[in-house]
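Enquirer: sequence first, predicted coordinates after that:
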Amino acid sequence: MYKGYSWSCSDVLSLLSVQFNPNKEEQTIYCPFCGGKRFGMNIKKGIGHCFNCCETADSASYYAAHTGLSLNDARNDIRKRLNIPDEKGNLPERMVYKEETQEELAPIEVRDRTYRAFLEELILSQKNYDNLRARGFTDDDIVAKGYKTFPSAENTSFEDLCRRLLNKGCTLAGVPGFYKNTKNEWTFVRLTPGIIIPQIGIHNQIEGFQIRKDDDLRREYDGELEAKIVWFSSKGKSHGTGPHVTVHIATDFIYYRDKKQYEPVLHGNKVTLTEGGMKADLCACLLDNHASLIAVQGVHALNPLKEALIALKPFGLKTVNVAFDMDYLTNKNVKEAMEKVTALIKELGLEYENLMNWEYKQKDESGNEFFLKGLDDYLAFQQRGIKPVIIKN
């Protein structure tokens, strides 16, 4: 049992027909968030983490993601299906679980068109605009990156918005985030409002969305805040689709009319590797777009990174600069993942450079100590006219 639940993780996985070894405490299983098979679950503790998309879940939230239910409804559903009595000893009404029809992932051309039309229907709230400006983005940067605010169901009719997209000729089937409600109407998932971060592929097309939830609106479950950044996904919902977990490319693009597509410009035949789409966007902007960056969704997400590096080699890629957050110095798991990234880069015949050469602890203009965690922090600090302390080799 875990977190006071009256069921085991094995019970939940069996309900979902997920393949697992009941005699092995830690193992990798199907991930309900990204659809991969690298969700590391501790069967005894009933909690796990996906090495592909970096989502974390206990047995109840794993069930919720798999079925498309809210966390509270998922808990109730588990109790009913396992016939677990309530506090008064009353047995619940038995339910029959019905697996929802899922749509195959739509081609990138379809997703890109639908997502761009979706963004045109939205605005950027003043709060989110102020947040982006405070981070160092200019007005032009914000427009170029396509940042918008994920809407609240209180202020927006999700069904009406979907009807407008359909009237524009957009396809919603197979586009992660969209699904059909109980009235057979197209709608999209309800999420805590925040900033939509378009995930851009090597041909300047939107592969998917990540949502960075507003800190003041994040909800608490079992004493823990919900995940800050999530994929726009309708996995488990009727005619829904799971996210296409990929890397995000932050660089310039050139459109070739003869090829009818955009191609990336790799400045100096190099890319800089970091974590998180918004961080990569900001670093590119702070460097006046004279650098090309790749953002992975966590240092463990090796498969999407490998695919991206192979795809970029025909465009002149020679060197990969690694600039993950400095917590690799104190986090054993991050350090081990870093070593795997380094090995992957060399395996692909690319040059490797480590940009994380600054002191973790710095001092500001007043002499106060603080920590420079990521490349974005480093560049913002440098722009203030202060030269960060570099580690001596």
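Expert: Everything's here; your move.

Enquirer: what's the weakest-modelled helix or strand in the chain?
Expert: Least confident element among the helices and strands of the chain, by mean pLDDT, DSSP states H and E: strand 220-221 (a mean of 62).

Enquirer: from N76, how far out is P85?
Expert: 13 Å (CB to CB, to the nearest Å). (Each C-beta comes from the backbone N, C-alpha and C, glycine too.)

Enquirer: please say which of these two ends up with more neighbours.
Expert: For P85 versus N76, neighbours defined as other CB atoms under 10 Å are more numerous around N76 (14 against 11).

Enquirer: poorly predicted segments of the stretch 151-300 of the chain, please.
Expert: For the stretch 151-300 of the chain, the stretches flagged by pLDDT under 70 are 220-224, 289, 299.

Enquirer: where do the strands sit along it?
Expert: 178-180, 186-188, 194-200, 206-213, 220-221, 224-225, 229-231, 248-250, 252-256, 261-265, 270-275, 293-296 (DSSP state E, counting those that start in this stretch).

Enquirer: of these, which is nearest M338?
Expert: With CB to CB as the criterion, M338 lies closest to strand 270-275 of those, at 10.2 Å.

Enquirer: so which residues make contact with that closest one?
Expert: For strand 270-275, the external contacting residues (CB atoms under 8 Å, 6 or more residues apart in numbering) are 251, 280, 283, 291-299, 305, 309, 312, 317-325, 341, 355, 374-376.

Enquirer: about what we covered before: got the strands of the stretch 151-300 of the chain as CSV, with distance to S61 and mean neighbour count columns?
Expert: Output for these, formatted as CSV (distance: least, CB to CB, whole Å; neighbours: other CB atoms under 10 Å):
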stretch, distance to S61, mean neighbour count
strand 178-180, 19, 25
strand 186-188, 20, 22
strand 194-200, 19, 24
strand 206-213, 15, 22
strand 220-221, 7, 11
strand 224-225, 10, 12
strand 229-231, 12, 21
strand 248-250, 25, 27
strand 252-256, 37, 12
strand 261-265, 36, 17
strand 270-275, 23, 24
strand 293-296, 23, 25
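
Enquirer: how about the contacts made by H290?
Expert: Going by CB under 8 Å, 6+ apart, H290 touches H267.

Enquirer: distance check, E307 against C283.
Expert: 22 Å.

Enquirer: those two: which is more packed in?
Expert: Applying other CB under 10 Å to E307 and C283 shows that C283 carries more neighbours, namely 23 against 13.

Enquirer: list the contacts for that one?
Expert: 250, 272, 274, 291, 293, 323, 375-376, 379.

Enquirer: just send those residues back as CSV, with distance to R113 too.
Expert: Shown next, in CSV, are those (distance: CB to CB, whole Å):
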residue, distance to R113
A250, 21
T272, 30
T274, 28
A291, 29
L293, 25
A323, 33
L375, 32
D376, 31
L379, 34
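
Enquirer: just give me the longest helix of this structure.
Expert: helix 332-347 (DSSP state H).

Enquirer: how far off strand 270-275 does it point, in degrees?
Expert: Calculated by axes from the mean of the first three to the mean of the last three CA atoms, to 10 degrees, helix 332-347 forms an angle of 160 degrees with strand 270-275.
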